[in-house]
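>>> below is the sequence, then the predicted model.
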Amino acid sequence: MMRSTPFNTNVEENDLSKFKIFRPLNPQELQRLNDDKTCSVYRKGAIVYREGSRLTGFYCITQGILKIIKTGNDGKEQIIRFVKKGDIIAYRSLLSNESACTTAKVIEEAILCHIPYHTLLYLIENNPKFSLHMLQIVCRELKEANDYITDIAQKTVRERLAEVLLLLKDNFNLDSSNTLQISLTREELANMVGTATESVIRLLSEFKSDKLIELQGRRIKILDLPSLYKVANL
C-alpha cells in the first residue's frame, strides 16, 4: 500500500496538552509544543514512516489506530504493537539518533501531529520531569519486548493467542456487547501471535467451540473472560 498524501487539519481536539506524557510541561512549554506541531490526516492503509527512513520528529496520535511493524529477513511482517489516541510513536529512533527501526501503518483513519526533533530536545533539556517521563515510557516498552520474547520461548501458540486477545481488550476495551473495539484480519492476529495464519484460524474456531469467544466477521466478542485468562496462563 502506497502512502497517501496527508493534508493539514485545524481540529481543536489536537491540543496536545491533553496527552498524559505532556502533563509535566509548564504553560510556556505547552505553548511551544502546540506552536511547533504540524497535524495531518492519514487515510486507512497510509504509511506514516518506513523502516530505515530518517525521521525529523516524532508523532502524537489524536485520532485513529495504527500498527507498528517490523520486517524480518524473509520479508514477513511482525506486528510489534498497535497504537491509538493518546500514544506517541517514533521517539525512540530520534533519541538514539538512528534510522526508523519499524514501519507505522494506519488501519483506521488517523490524525497525527508531527513534533520536530529540536522541540523534543528542548523539552528534554529544560524539563527534568518530562525527561523522566520519557525514560519511563522507554523502559516500559523494553519490558513489553522482554515479555514478548519470553512468551515466544515458553508459551504455546494457544496461550499466546489468548494473551493477545486480552492485550487487545486492555488496549482498546470492549463495547457494550463485550466485543473488541478493534477489527483485525486473521493475518494481523497471526503476526501478533507469531504464528501462521492457518493456526490462528484453527485456534479461533477452537475458542469458539469452547464458548470463550464469538466470531462476527473480523469482530471478536469475549464470552468467558476468566477462562480466557486461564488459557493464557496469566
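Alright, I've got the coordinates.
>>> domains for this structure, by residue range?
7-146, 155-232 (automatic domain parsing).
>>> state the distance from the residue with the largest distance to the centre of the chain to residue 163.
Here the chain reaches farthest from its C-alpha mean at residue 209, the gap being 30.0 Å by CA atoms, centre = their mean. Residue 209 sits 19 Å away from residue 163, going by CB to CB, to the nearest Å. The C-beta positions use only the backbone N, C-alpha and C, and glycine is treated the same way.
>>> number of residues surrounding residue 172?
If you count neighbours by other CB atoms under 10 Å, residue 172 ends up with 14.
>>> returning to what we had before: could you save the domains of the chain as a markdown table and add columns showing mean pLDDT?
Below are those laid out as a markdown table (pLDDT from 0 to 100):
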| stretch | mean pLDDT |
| --- | --- |
| domain 7-146 | 89 |
| domain 155-232 | 93 |
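>>> tell me the contacts of residue 36?
By CB atoms under 8 Å, 6 or more residues apart in numbering, the contact list for residue 36 reads 115-116, 119.
>>> out of those, list just those in strands.
Applying DSSP state E to those, the entries found in strands are 115-116.
>>> who wins for most neighbours among the contacts of residue 36?
Busiest of those [other CB under 10 Å] is residue 115, holding 24 neighbours.
>>> ok, for it, nearest residue in space, not its chain neighbours?
residue 57 (5.0 Å; CB to CB, 6 or more residues apart in numbering).
>>> what's across from that neighbour in the sheet?
Note on residue 57: beta-bridge partners by DSSP bridges are residue 116.
>>> same deal with residue 215?
Residue 215 has these beta-bridge partners by DSSP bridges: residue 220.
>>> contacting residues around it?
204, 208, 221.
>>> on contacts alone, who are the packing partners of the lengthiest helix in the chain?
For the chain, the helix that runs over the most residues, judged by DSSP state H, is helix 128-154. When contacts are defined as 3 or more CB pairs under 8 Å, 6 or more residues apart in numbering; DSSP states H and E, helix 128-154 packs onto helix 91-95, helix 117-126, helix 157-172.
>>> what helix or strand does residue 208 sit in?
helix 197-209 (DSSP states H and E).
>>> what count of nearby residues applies to residue 146?
Neighbour tally, residue 146, other CB under 10 Å: 10.
>>> just want the angle from the helix holding residue 208 to helix 157-172.
Helix 197-209 and helix 157-172 are oriented at 80 degrees to each other (axes from the mean of the first three to the mean of the last three CA atoms, to 10 degrees).
>>> chain center to helix 197-209, what's the gap?
24 Å (CA atoms, centre = their mean, to the nearest Å).
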